[in-house]
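Student: would you be able to build a 3D model of this:
(chains A, B and C)
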Amino acid sequence: MFADLVYQVLRKVPRGKVTTYSAIARAIGKPKAARAVGNALNKNPYAPQVPCHRVIKNSGEVGGFAHGTKKKIQLLGREGVIVKNGRVGKEFIVKHL
DNA sequence: GTTTTGACACCCG
DNA sequence: TCGGGTGCCAAAA
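Tutor: As a prediction, this is how the structure comes out:
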């Protein structure tokens, strides 16, 4: 399924950087399936191998998180990504995989 | 009930 | 204003 594709694309994201749902959706060939990507990450069938916390909105907002949005920001900060006021530095966001 | 796929509404320019 | 893009959701199987 495309969840596997999402997983592969997501693992391409280097540590300390983040990506967007749209970027992943586009990478799998479904630019309109960004929501599906979110759900795929929500279920996260690939355990900690998939850094779903490394995926944020295209707007720079961390968006939502199944395990807690607050926790997600905490994780990102741990990765080296500076999250300020629920917003991630767009410099950390890689829109092109 | 759970899991997967997807078009639309809301937001920004 | 209108159009385009995004989204961790909702509907279908």
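
Student: where does chain A come near DNA strand B, residue by residue?
Tutor: Proximity of chain A to DNA strand B, by Cβ under 7 Å from any atom of the strand, involves residues A:1-3, A:30, A:32-36, A:38-40, A:43, A:45, A:59. Any C-beta I mention is one placed from the backbone N, CA and C, and that applies to glycine too.

Student: and for the helix or strand that contains A:Asn42, what's in contact with it?
Tutor: Assigned by DSSP states H and E, A:Asn42 belongs to helix A:34-43. Contact with helix A:34-43 is made by A:2-3, A:6-7, A:10, A:21-22, A:24-25, A:28, A:30, A:50, A:52, A:55, A:63-64, A:66, as judged by Cβ atoms under 8 Å, 6 or more residues apart in numbering.

Student: looking at the residues you listed, which are in strands?
Tutor: Using DSSP state E, the members of the contacts of helix A:34-43 that fall within strands are A:Val55.

Student: so among the contacts of helix A:34-43, which ones count as buried?
Tutor: Listed as buried from the contacts of helix A:34-43 are A:2-3, A:6-7, A:10, A:21-22, A:24-25, A:28, A:50, A:52, A:55, A:63; burial here means 16 or more other Cβ atoms under 10 Å.
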